[in-house]
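Asker: using only what follows, build the 3D model:
(one chain, ligands or ions: 1)
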Amino acid sequence: MISLKNGVLLFLAALLLAACDEGKIYPEETPVDLGRTATVNVRFKGLGAWPKKNYLSLVALGDNSDTPTQNKRFSKPVNADKTISVTLNNLKDDTRKICIAVVSNGLDIVYTYYTYEVDKSGDNIVIDVDALELASYGRIQEQVFDANCIACHGGSTQVAGKLNLTRDKSYAALVDVEAPLSPDKKKYVDPGNPNNSYLPEILEDNDYHKDMFNSTGKQEVLALIKTWIQEDAPDN
Ligand code: HEC
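Answerer: The predicted structure follows:
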């Protein structure tokens, strides 16, 4: 004998199976509401400069704040030819900018690669960024020099090692310039030759500069600088 309770269960199971057969578990009229969306399609070049301590993210910024209101991390692609799509759903009403940025674990923006100004139309947003170069001098200036070096290598009072790393001065001071302190007369930056450049060397092995970054922070900065030099050290 099938009890009443089991009978009901069987009946429900049969209903469910029938529903599956017709592919109609959800009513057709109610698509999931994602609110206003922003989708970015992008290819990344210079993958050697992919962050290791920080994260590469698509972020939304509100009216009057530099702290992301929304944040979605990119996953590192296997190669530079692959187009990646990432979407932010349910954009907040006060969203004014969508950015591709290097973001810290605590959601501080370390460097912004790309900014899109959001209008007030409420329309969904699709941004096609053809190819974005990760190994950019702009990022080195901001993430490395501005944040860690210009206290000693800049300003008017003191320029350590006679090397000025402030914006507008640093590129000309480094690229194709022989480093006075290099024992084997290397240039600070020898375009195309990271292993023959003194800049990464001094961050790896020098008393004044040894403990400036923690281990993954140091890997990230060195990979960024070396990838940029490998790609011929453009002023990008
Ligand atoms: C606490 C101060 C201080 C900070 C911060 C600092 N440096 Fe230095 N740096 C020095 C001093 C002092 C020298 C000169 C070393 C010497 O004379 O042996 C020097 C020398 C150098 C040199 C060699 C200069 C030459 O003449 O060959 C390079 C390259 C360099 N620093 C890069 C950097 C970079 C890049 C950063 C940031 C990541 C940085 N430094 C941060 C103090 C500092």
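Asker: what's the neighbour count on Ile202?
Answerer: Counted with other Cβ atoms under 10 Å, residues neighbouring Ile202 total 19. All C-beta spots, glycine's among them, are computed from the backbone N, C-alpha and C.
Asker: isn't it up against His209?
Answerer: Yes - with contact defined as Cβ atoms under 8 Å, Ile202 reaches His209; the gap is 5.6 Å.
Asker: which secondary structure element is home to the one residue sitting closest to the centre of the chain?
Answerer: The structure's the chain has its C-alpha centroid closest to Leu56; by Cα atoms, centre = their mean the separation is 2.4 Å. Counting by DSSP states H and E, the element that carries Leu56 is strand 55-61.
Asker: tell me the strands beside that strand, with direction?
Answerer: strand 70-73 (antiparallel), strand 97-103 (antiparallel) (DSSP bridges).
Asker: deepest of those strands, which one?
Answerer: strand 97-103 (a mean of 22; mean count of other Cβ atoms under 10 Å).
Asker: mind giving me the packing neighbours of the helix or strand just after that one?
Answerer: Of the helices and strands lying after strand 97-103 in sequence (DSSP H and E), the nearest is strand 109-117. For strand 109-117, the packing partners by 3 or more Cβ pairs under 8 Å, 6 or more residues apart in numbering; DSSP states H and E come out as strand 97-103, strand 125-133, helix 137-139.
Asker: how about a cut-off of 6 Å?
Answerer: strand 97-103, strand 125-133 (3 or more Cβ pairs under 6 Å, 6 or more residues apart in numbering; DSSP states H and E).
Asker: mind listing what's buried along that strand?
Answerer: 109-113 (16 or more other Cβ atoms under 10 Å).
Asker: which of those residues sits closest to Gly154?
Answerer: Tyr111 (18.4 Å; Cβ to Cβ).
Asker: what residues are up against that closest one?
Answerer: Listed by Cβ atoms under 6 Å, 6 or more residues apart in numbering, the contact set of Tyr111 reads 102, 139, 142-143.
Asker: Thr83 and Arg43 touch, don't they?
Answerer: Yes - judged on Cβ atoms under 6 Å, Thr83 makes contact with Arg43 at a distance of 5.3 Å.
Asker: the residue nearest to the centre of the chain is in contact with Phe74, isn't it?
Answerer: Yes - with contact defined as Cβ under 6 Å, Leu56 reaches Phe74; the gap is 4.7 Å.
Asker: list phi and psi for Asn164.
Answerer: In terms of degrees, to the nearest 10, the main-chain angles of Asn164 are phi -100, psi 120.
Asker: circling back to that earlier point, which residues touch the residue nearest to the centre of the chain?
Answerer: Contacts of Leu56 (Cβ under 6 Å, 6+ apart): Phe74.
Asker: mind listing the residues bridging to it?
Answerer: Beta-bridge partners of Leu56, as defined by DSSP bridges: Val102.
Asker: least trustworthy helix or strand in this protein by mean pLDDT?
Answerer: helix 4-21 (a mean of 49; mean pLDDT, DSSP states H and E).
Asker: now the element after it, going C-ward?
Answerer: Next element after helix 4-21 (DSSP H and E): strand 38-45.
Asker: report whether Trp228 is found in a strand, as I expect.
Answerer: No - with DSSP: H, G, I helix; E, B strand; the rest coil as the criterion, Trp228 is located in helix rather than a strand.
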